[in-house]
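Novice: 3D, please:
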Amino acid sequence: MSAKNQPNFLRLRAVQDAILVARPNLHDWSGGAGVLKNGEKGLEYLADSGIKRFGRDQIKAPKIPQKRAKIELDRAVFGGYLYDHYGHFLLESLARLWQPKEWPSEPIVWIACWTDELSPWMVQALDILNLSPDRHVVSSDTGPFSVRELLVPDAGFEFGTFMHPLMAKRLSCVNTICDGSHVWLSRKALMPISGLDEEDQLENRMAREGWIILRPEEIDLETQVSLLSKAAHIAGLEGSAFHTLMFLQDFTGVVDLFTRQGHKNFEIVAQTFGFSQLRHTLPGATSRERKKEKGVDMQWSGVDIDALIKILSIRCSAHN
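Specialist: Numbering: from 1, shown residues only. All right, here's what the predicted structure looks like:
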């Protein structure tokens with residue numbers, strides 16, 4: 001989040017006869033993946049074309065293909081690595097697509113990371129951003145994928161480190177017209193892994209207080225963006241749904257984030273976009289570790305709902 005970690009500019013490199021290589025097995029993190037270019041001794045890994053988090057590379061270079069890949073596209077933009085997790089998709093799979101929308105719309109090519117296909121909600125996000133409809137995913141099934149001229153933008157976001165203003169400018173494309181509404185970003189549809197045992201009781205109380213309960217998993221992305229674009233106050237448990245705010249242009253409402261895991265990416269986003277956002281602890285709640293498919297998560301219980309409502313009531317004065 002520190003300015004010293006953010007690059008002064010983002011490069012857009014043109015790589016001739018580039019070859020994109022996916023991991024041999026989608027779920028095997030030991031397999032390398034990435035972009036190859038022609039070097040003095042043959043094909044070599046293209047520097048700064050992988051995924052970095054906290055300044056460290058996350059995917060090692062791929063093995064050199066035994067057979068020369070046929071040319072699939074004459075020209076394309078490298079979109080990076082494709083994640084099927086909503087937050088990682090918005091922050092990392094879109095990180096290289098910061099080029100101004102006025103520029104020519106070239107085909108986009110991603111390398112499969114957690115998924116090898118574009119799901120409906122991904123397509124919705126790309127359509128909202130008016131990104132090229134010519135989209136490709138390189139996977140172990142497709143094999144090495146060759147592009148005669150591959151445009152490789154630097155990543156405009158690095159997990160836990162920075163977001164570049166150019167990425168923020170490109171993502172914020174939906175006009176905001178505040179109607180004074182209050183929106184609670186629910187995690188109930190993710191039960192039993194919502195993060196809070198008392199999610200039902202809390203949401204019932206929020207609804208009685210006049211809040212719109214938005215369950216992102218139950219409505220399409222375009223409708224979510226429309227609801228958020230009208231809000232004066234948005235709150236909820238920390239989660240990827242907050243990253244939907246990145247689609248909003250000149251959002252002037254207030255945002256209240258109740259800590260679930262404590263990821264700093266939410267502060268990085270808010271700082272870059274200029275959101276009026278505060279982070280709060282869950283009053284009265286205690287945490288426990290909960291195992292999940294990849295690592296551990298935090299589950300909370302015993303929240304003081306009256307105290308939480310009071311926090312939000314006080315914050316309402318910021319937008320009245």
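Novice: OK, contacts around the residue nearest to Leu82 when sequence neighbours are not counted?
Specialist: In space, and not counting its chain neighbours, Leu82 is closest to Trp110: 4.1 Å by Cβ to Cβ, 6 or more residues apart in numbering. Backbone N, C-alpha and C define where each C-beta goes, glycine included. Contact analysis of Trp110 by Cβ atoms under 8 Å, 6 or more residues apart in numbering lists 78-82, 93, 135-138.
Novice: could you list every helix and strand that the longest helix belonging to the chain packs against?
Specialist: Longest helix of the chain, by residue count under DSSP state H: helix 305-316. When contacts are defined as 3 or more Cβ pairs under 8 Å, 6 or more residues apart in numbering; DSSP states H and E, helix 305-316 packs onto helix 199-208, strand 231-237, strand 254-258.
Novice: just those: most buried one?
Specialist: strand 231-237 (a mean of 24; mean count of other Cβ atoms under 10 Å).
Novice: from the contacts of Trp110, which ones fall inside helices?
Specialist: Those of the contacts of Trp110 lying in helices (DSSP H): none at all.
Novice: now do the helices in the chain.
Specialist: 86-88, 120-128, 165-171, 199-208, 221-229, 265-273, 305-316.
Novice: can you lay out those as TSV showing distance to Pro7 and mean pLDDT?
Specialist: Listed next are these as TSV, based on distance: least, Cβ to Cβ, whole Å; pLDDT from 0 to 100:
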stretch	distance to Pro7	mean pLDDT
helix 86-88	21	96
helix 120-128	25	97
helix 165-171	10	96
helix 199-208	40	94
helix 221-229	29	97
helix 265-273	13	96
helix 305-316	34	92
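Novice: would you list these in JSON lines and tack on distance to Leu20?
Specialist: Output for these, formatted as JSON lines (distance: least, Cβ to Cβ, whole Å):
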{"stretch": "helix 86-88", "distance to Leu20": "19"}
{"stretch": "helix 120-128", "distance to Leu20": "18"}
{"stretch": "helix 165-171", "distance to Leu20": "22"}
{"stretch": "helix 199-208", "distance to Leu20": "42"}
{"stretch": "helix 221-229", "distance to Leu20": "27"}
{"stretch": "helix 265-273", "distance to Leu20": "26"}
{"stretch": "helix 305-316", "distance to Leu20": "46"}
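Novice: and of the ones you listed, who's closest to Gln16?
Specialist: Set against Gln16 and scored by Cβ to Cβ, these come closest in helix 165-171, at 24.7 Å.
Novice: list the buried residues of that closest one.
Specialist: 166-171 (16 or more other Cβ atoms under 10 Å).
Novice: so where's this protein uncertain?
Specialist: Scanning the chain with the threshold set as pLDDT under 70 gives 1-4, 292-295, 318-320.
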